[in-house]
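J.: sequence? don't have it. structure:
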């Protein structure tokens, strides 16, 4: 790749600009990135981008899989194991062979082995696009859990099938029984290796309290599972997913608060950048892909791409309806344990079939030696574009048309968690109140704080009433007041730095504490730091003192 520095800086600027534009247009950012990347690829003067295929999966896949697994819910995966299994294993295989059959029939000269490679690439859904849109439009918790669980596990099934299909292309031979046995051994071995790596990493991190070192370990953990598994012929995908789920479940006992704040922020940015860069990179590579297709009927390939995308959507809709209702009609016990969901829910699960980063990475990783590589990349991009634009943009109006609303279960769980943690705090204060080192007035202030919090969340759990409204209104005024005080503190801090009384390092250290305090406020403060900074320094200090003298804080 020539002009590497220019390309990298240009990619970052493009990502920032496209995501900002997506926010202005109220369009899901994956849709804007894939369309924007396509447009950037045809801008005159933009350098041609070529990525080494063998590095694409290695660079992008392990951290994306690990992060998705780490932040997944093991409880939700267990509770929805049956529908997730039908989607992440059965539907992936059905899509792989269904798309392969369509591609083999409609694309002249495409052999079965290459068609299966294409089918495996487009079979996994994208967790970022699907869940981001699903959560934004507010659909029931179980639908989101099923979609997230499917997107997490179907990557493993699809990429194992992808690897076997590539081997069939290279050798010209394929045995279903042999592939099935290798799939089973690869899956079991990948899970076992992931658990082993997770146990070792957990043992090391339990003994550490150094955020930079711990974050560094978290960054290479997915590679520590993925690379050995691939070298041993096991599923590196399942190894990375397994270590992510294992460490995510044990994170509360392994990660200190300061490390957690820094690490979670870093991973959020890293995953966003990896997904964004992948979308834009494919757009930048499309001109070269189209040059390689110069001898092909490009307009015909556009039609083929639409047919393949239609096959992906239709196969999913049929599969979801059949395997949602057929098992319940067959099994009375299943109907009693898990009644039929509303048909509107089934429609939403079927329509949440957007393709994205994993399919992009797998398409770019197709070896250059495969003659149909450019055709595969073009068709995969067509599928991603169609599913993201068609399904991604129509999902919000579809949710409104079906009348599906968030069931509020997650909010109720949060209320319960906050209520019970407040009760645990009060119980602990009562236990410690007789200790010599506990001051009576300090204990009383803290008891009052948590008692107010307990009453507030108890009222919220019981439903809206007069007391609940008053408590919420009082909490809102407290948050606004606390925001004003924090703004005054920041203004004083900047003024001290401006007059040379403190160094920039001291300012940042104190500023971090103020930021952490403000992050605890449930709602946005109604003050503006810029305005606070402009106020006279002495006046801000007087205001802060006056506020603090009015009584104990309550939240």
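T.: Received, thanks. Because the structure is predicted, anything quoted here is derived from the model rather than measured.
J.: So for residue 216, what's the pLDDT?
T.: Residue 216 carries a pLDDT value of 94.
J.: Show the contacting residues for it.
T.: Remark: with contacts taken as CB atoms under 8 Å, 6 or more residues apart in numbering, residue 216 is in contact with nothing. All C-beta spots, glycine's among them, are computed from the backbone N, C-alpha and C.
J.: Need phi/psi at the closest residue to residue 406 other than its chain neighbours.
T.: Leaving aside its chain neighbours, residue 406 sits nearest to residue 138 (4.1 Å; criterion: CB to CB, 6 or more residues apart in numbering). For residue 138, the backbone dihedrals are phi 80, psi 70 (criterion: degrees, to the nearest 10).
J.: Not counting its own residues, what contacts the helix or strand encompassing residue 98?
T.: Under DSSP states H and E, the secondary-structure element containing residue 98 is helix 92-106. By CB under 8 Å, 6+ apart, the surrounding residues in contact with helix 92-106 are 110-112, 115-116, 118-120, 122-124, 154, 157-158, 161, 304, 307-308, 311-312, 315-316, 319, 379.
J.: what about 7 Å?
T.: Helix 92-106 is contacted from outside by 110, 112, 115-116, 118-120, 122-124, 154, 157-158, 161, 304, 307-308, 311-312, 315-316, 319, using CB atoms under 7 Å, 6 or more residues apart in numbering.
J.: Give the rounded mean pLDDT of the helix or strand that it is followed by.
T.: Downstream of helix 92-106, the first helix or strand assigned by DSSP H and E is helix 112-122. Computed over helix 112-122, the mean pLDDT rounds to 93.
J.: what angle do helix 112-122 and helix 92-106 make?
T.: Computed by axes from the mean of the first three to the mean of the last three CA atoms, to 10 degrees, the angle separating helix 112-122 from helix 92-106 equals 130 degrees.
J.: Which strands or helices does helix 112-122 pack on?
T.: Contact analysis of helix 112-122 by 3 or more CB pairs under 7 Å, 6 or more residues apart in numbering; DSSP states H and E lists helix 92-106, helix 141-171, helix 357-364, helix 373-386 as its packing neighbours.
J.: what's the spacing between it and its chain's center?
T.: Once both centres are worked out by CA atoms, centre = their mean, to the nearest Å, helix 112-122 turns out to sit 26 Å from its chain's centre.
J.: So which bits of that helix are buried?
T.: Buried residues in helix 112-122, counting neighbours by 16 or more other CB atoms under 10 Å, are found at 112, 113, 114, 115, 116, 117, 118, 119, 120, 121, 122.
J.: next one: stretch 6-16
T.: With burial defined by 16+ other CB under 10 Å, the residues of stretch 6-16 counted as buried are 7, 10, 11, 14, 15.
J.: Now distance to residue 97, secondary structure and pLDDT too, for these, in JSON lines please.
T.: Output for those, formatted as JSON lines (distance: CB to CB, whole Å; DSSP: H, G, I helix; E, B strand; the rest coil; pLDDT from 0 to 100):
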{"residue": "7", "distance to residue 97": "38", "secondary structure": "helix", "pLDDT": "69"}
{"residue": "10", "distance to residue 97": "40", "secondary structure": "helix", "pLDDT": "76"}
{"residue": "11", "distance to residue 97": "36", "secondary structure": "helix", "pLDDT": "76"}
{"residue": "14", "distance to residue 97": "37", "secondary structure": "helix", "pLDDT": "82"}
{"residue": "15", "distance to residue 97": "35", "secondary structure": "helix", "pLDDT": "84"}
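J.: and the one helix or strand residue 470 maps to, how far out from the chain's middle?
T.: Assessed by DSSP H and E, residue 470 sits inside helix 466-498. Mean C-alpha position of helix 466-498 versus that of the full chain (CA atoms, centre = their mean) differs by 32 Å.
J.: Following the chain past it, name the next helix or strand.
T.: Proceeding C-terminally, helix 466-498 gives way to helix 504-519 as the next helix or strand, assigned by DSSP H and E.
J.: That next one vs helix 466-498, what angle?
T.: On the basis of the same axes, to 10 degrees, helix 504-519 is oriented at 170 degrees to helix 466-498.
J.: count of residues packed around residue 250?
T.: Each residue near residue 250 was counted by other CB atoms under 10 Å, and the total is 16.
J.: Now it. Nearest residue, chain neighbours left out?
T.: For residue 250, the closest residue by CB to CB, 6+ apart turns out to be residue 202, at 5.6 Å.
J.: Would you list the phi and psi of residue 256?
T.: When quoted as degrees, to the nearest 10, the phi and psi of residue 256 stand at phi -80, psi 160.
J.: related to what we said a few turns ago, just give the number of residues close to the residue nearest to residue 406.
T.: Tallying neighbours of residue 138 according to other CB under 10 Å, which is how burial is gauged here, yields 14.
J.: picking that back up, and which of the buried residues of helix 112-122 is nearest residue 61?
T.: Using CB to CB, residue 121 is the member of the buried residues of helix 112-122 that lies nearest residue 61, at 12.7 Å.
J.: Am I right that that closest one is in contact with residue 380?
T.: Yes. Contact criterion CB atoms under 7 Å: residue 121 and residue 380 qualify, at 5.4 Å.
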